[in-house]
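Undergrad: coords please:
(one chain, ligands or ions: 3)
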Amino acid sequence: MRLEGGTSVIIRVEMDKQAVTFGELVSVIGSHGGDIVAIDVIGPGKRLETRDLTVSVQEPSIVERLAEAVSKLKGITLINVSDRTFLLHLGGKIQVHSKVPIKNRDDLSRVYTPGVANVCLAIRDDVSKAFSLTIRRNTVAVVSDGTAVLGLGDIGPHAAMPVMEGKAMLFKELAGVDAFPICLDTKDTEEIIAIVKALAPTFGGINLEDISSPRCFEIENRLKEMLDIPVFHDDQHGTAVVLLAGLFNALKIVDKPIDRIKVVVCGIGAAGIACSRMLLNAGVTNLIGVDKDGAIHRGENYANEVWNEYAKRTNPNNETGRLSDVIKGADVFIGLSRPKVLSVDDIMQMNADPIVFAMANPEPEISPEDAMPHVRVFATGRSDYPNQLNNVLVFPGIFRGALDARAHTINEDMKLAAARAIASIVSEQELNEFYIIPSVFNDKVVPAVRKAVIQEAIRTGTARKVPGDFRFRD
Ligand SMILES: NC(=O)C1=CN([C@@H]2O[C@H](COP(=O)(O)OP(=O)(O)OC[C@H]3O[C@@H](n4cnc5c(N)ncnc54)[C@H](O)[C@@H]3O)[C@@H](O)[C@H]2O)C=CC1
Ligand SMILES: CC(=O)C(=O)O
Ligand SMILES: [Mg+2]
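TA: Ligands and ions are numbered 1, 2, ... in the order given. Now for the predicted structure:
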């Protein structure tokens, strides 16, 4: 699959300064669509010099032609071309650090045996002490079987790992949560449930990730019943929360009430089902789900039992047909399916001021370039366009709040409060078509989500602890 969008590469060359000037090299790179953003002299020399050129390109396919042109320049030896994204992944992206040094025997006897034994016995006598005396209180497992990785599908547990490492990094960087990526070499529902249950003593929460539907529903529901720590399938609930936050604000721009809009959700998998449920709970009345064989409707007996339930709760006018049929008169399109399933013609059939959230990753259901001239509000899951609707705005803050309140679960009230908190970060003065959702780097997001989640955890009785900063509030 070719991924669209800009990228950058490092081109290492040896230059014979008597045969070629740096200006000639820059000009060849520029004329082949490359933009030099950094130059590092790796091996200085009077005549021969080795340099690393960091070159940004709009299209990854340009790189090959550009490298060929560079290698043909007289006086230049092309040593290699490295993709910066691959370089960043060498050896993985995270590591474990100790919190205390071990400098002498005394330290050793306290962090390990014999001193540690007393700590173990204290936890044996009161298991709740695992939260205060181990990493449990701040640690989340990011668990995947690699069956629905982004929109790449079933790419397996090894290939899923870079995404799970990325999620773990985001947990840490954005919310200070320690997260372990765990990719399981099994697709068996019962085996996944048993493994995660057995892992639970180490963790304060379980973030299920990129597990395909409908297995993900049973895995999550059964684990929720078994465990007394939050089990949260991010692709379902993180996505639903960020989507709702974005929709609350987009509807303000088009001035349409939530109970009067027609919403088409495309892709009735893990994310599509959870998003539909949250939209219905938030007041949407006319919602139609479309999967690859068309609209989910009553009158069909689906092998996927979740779809039979879905058909009962959605599509009030029992519309049938393909996306291009049911999109007529829609106010909102929500894509949680795969690349390029929405056309400009489809958008042209929507109501005035269409809202299009094309959230498939890494390639959306329609490209921003194609869609934006025809819509009022457009959003994707990507970071390289305005309005990034991505569950990264949700899972760090939601788990931060749930861990701090030592919550048993992350319930509907906590999720709704998180959506409202994210939406509220965009003020009335700031709100516009290109800014319906705060940036991932907006440092108000995690604290606002954390606060909302803790308040709801306390109110709904799932909190086992009132965090210090909540103790003396009115
Ligand atoms: N922006 C965000 O934060 C998030 C985006 N996503 C994206 O949403 C997409 C789906 O993710 P999941 O629900 O986890 O996967 P999933 O595999 O559970 O569901 C995908 C659904 O799309 C359907 N589909 C495939 N081709 C289709 C077509 N031509 N028309 C309509 N439906 C079609 C599949 O049959 C399936 O039901 C992926 O691209 C993923 O990257 C998922 C979670 C978060
Ligand atoms: C963002 C995310 O979780 C996904 O695309 O699967
Ligand atoms: Mg995911």
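Undergrad: close enough to count as contact, Ala19 and Glu49?
TA: No - look at Ala19 against Glu49 with CB atoms under 8 Å: they stay out of range, at 11.8 Å. (C-beta placed from N, C-alpha, C; glycine too.)
Undergrad: give the burial count for the residue in the stretch 101-250 of the chain that ligand 2 sits nearest to, as a bare number.
TA: Using CB to the nearest ligand atom, the closest approach of the stretch 101-250 of the chain to ligand 2 is made by Leu150 at 4.3 Å. Neighbour count for Leu150, taken as other CB atoms under 10 Å: 15.
Undergrad: just the pLDDT at it, thanks.
TA: If you check Leu150, the pLDDT there is 91.
Undergrad: numbering from 24 from now on, please.
TA: In the new count, where the first residue is 24, that last one comes out as Leu173.
Undergrad: residues in contact with it?
TA: For Leu173, the contacting residues are 186, 233, 384-385, by CB atoms under 8 Å, 6 or more residues apart in numbering.
Undergrad: now do Lys285
TA: With contact taken as CB under 8 Å, 6+ apart, Lys285 is in contact with 309-311, 352-355, 374.
Undergrad: give me the below-cutoff pLDDT ranges for this structure.
TA: 24-28, 496-497 (pLDDT under 70).
Undergrad: strands of that one, residue ranges please.
TA: 30-39, 57-66, 71-80, 99-106, 162-167, 201-206, 228-231, 254-256, 285-289, 309-314, 317-318, 355-358, 378-381, 400-403 (DSSP state E).
Undergrad: Lys152 is nearest to which of the ones you listed?
TA: Ranking the strands of the chain by proximity to Lys152 (CB to CB) places strand 162-167 first, at 15.4 Å.
Undergrad: re earlier: so which of Ala42 and Glu72 has more stuff around it?
TA: For Ala42 versus Glu72, the count of surrounding residues by other CB under 10 Å is larger for Glu72: 16 against 13.
Undergrad: so the residue of the chain found nearest ligand 1 versus Pro280, what's the distance?
TA: At 1.8 Å from ligand 1, Gly292 is the closest residue in the chain, using CB to the nearest ligand atom. Using CB to CB, to the nearest Å, one obtains 28 Å as the distance from Gly292 to Pro280.
Undergrad: more crowded one of these two?
TA: Legend: neighbour count by other CB under 10 Å for Gly292 and Pro280, higher for Gly292 (20 against 8).
Undergrad: return the residues in contact with the nearest residue to that one once chain neighbours are set aside.
TA: Counting by CB to CB, 6 or more residues apart in numbering, Ser236 is the residue found nearest to Gly292 once chain neighbours are left out, at 4.3 Å. Contact analysis of Ser236 by CB under 8 Å, 6+ apart lists 171, 292-293, 296, 327, 329.
Undergrad: out of those, which are buried?
TA: 171, 292-293, 296, 329 (16 or more other CB atoms under 10 Å).
Undergrad: what's near enough to touch Asp393?
TA: Residues in contact with Asp393 (CB under 8 Å, 6+ apart) are Val367.
Undergrad: can we see that at 10 Å?
TA: Applying CB atoms under 10 Å, 6 or more residues apart in numbering to Asp393 gives the contacts 363, 365-367, 370, 381, 387.
Undergrad: any idea how many residues pack against Thr403?
TA: By other CB under 10 Å, 27 other residues sit near Thr403.
Undergrad: isn't it right next to Glu392, touching?
TA: No - using CB atoms under 10 Å, Thr403 makes no contact with Glu392, being 11.5 Å away.
Undergrad: between those two, what contacts are shared?
TA: Counting by CB under 10 Å, 6+ apart, Thr403 and Glu392 have no shared contacts at all.
Undergrad: I'd like the distance between Ala444 and Phe194.
TA: As judged by CB to CB, Ala444 and Phe194 stand 18 Å apart.
Undergrad: show me what contacts the residue nearest to Asp369 when sequence neighbours are not counted?
TA: When the adjacent residues along the chain are set aside, Asp369 lies closest to Ile350, with 4.8 Å between them (CB to CB, 6+ apart). If you count contacts by CB under 10 Å, 6+ apart, Ile350 has them with 285, 287, 289, 311, 313, 318, 344, 356, 365-366, 368-373, 377.
Undergrad: who in the protein is up against ligand 1?
TA: Residues of the chain found near ligand 1 (CB under 6 Å from any ligand atom) are 171, 173-174, 235-236, 258, 262, 265, 289-295, 313-315, 359-361, 364, 382-384, 404, 412-414.
Undergrad: narrow those to those that are buried.
TA: Buried residues within these, counting neighbours by 16+ other CB under 10 Å: 171, 174, 235-236, 258, 262, 265, 289-295, 313-314, 359-361, 364, 382-384, 404, 412-414.
Undergrad: shouldn't Ile378 be in contact with Ile284?
TA: Yes - the pair Ile378 / Ile284 is scored as a contact, 8.4 Å apart, by CB under 10 Å.
Undergrad: which neighbours do these two share?
TA: Residues touching both Ile378 and Ile284 (CB under 10 Å, 6+ apart): 270, 274, 277, 353-355.
Undergrad: now tabulate the residues you listed in a markdown table and tack on neighbour count.
TA: Formatted as a markdown table, these follow (neighbours: other CB atoms under 10 Å):
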| residue | neighbour count |
| --- | --- |
| Leu270 | 29 |
| Leu274 | 19 |
| Val277 | 17 |
| Ala353 | 24 |
| Asp354 | 22 |
| Val355 | 25 |
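Undergrad: out of those, which sit inside helices?
TA: 270, 274, 277 (DSSP state H).
Undergrad: surely the second one touches Ala268?
TA: No - with contact defined as CB under 10 Å, Leu274 does not reach Ala268; the gap is 11.3 Å.
Undergrad: which neighbours do the two have in common?
TA: Common contacts of Leu274 and Ala268, defined by CB under 10 Å, 6+ apart, comprise Ile459.
Undergrad: how far away is the closest residue to Val51 other than its chain neighbours from Asp58?
TA: In space, and not counting its chain neighbours, Val51 is closest to Ala92: 5.2 Å by CB to CB, 6+ apart. For Ala92, the distance to Asp58 equals 15 Å [CB to CB].
Undergrad: neighbour-wise, which of these two wins?
TA: Ala92 (16 against 13).
Undergrad: so what's that one up against?
TA: Listed by CB under 10 Å, 6+ apart, the contact partners of Ala92 are 51-52, 54-55, 57, 99, 101.
Undergrad: relative to ligand 2, which of the residues you listed is nearest.
TA: Checking the contacts of Ala92 one by one against ligand 2 (CB to the nearest ligand atom), the nearest turns out to be Gly57, at 29.5 Å.
Undergrad: partners of the closest one in the sheet?
TA: Assessed by DSSP bridges, Gly57 has beta-bridge partners Val80.
Undergrad: just give me the neighbour total for it.
TA: Gly57 is flanked by 26 other residues according to other CB under 10 Å.
Undergrad: how far away is the closest residue to Asp39 other than its chain neighbours from Met301?
TA: Spatially, and ignoring its direct neighbours in sequence, Asp39 is nearest to Gly98 (4.1 Å; CB to CB, 6+ apart). According to CB to CB, Gly98 stands 61 Å off from Met301.
Undergrad: next: Ile378.
TA: Remark: distance between Ile378 and Met301 (CB to CB) = 16 Å.
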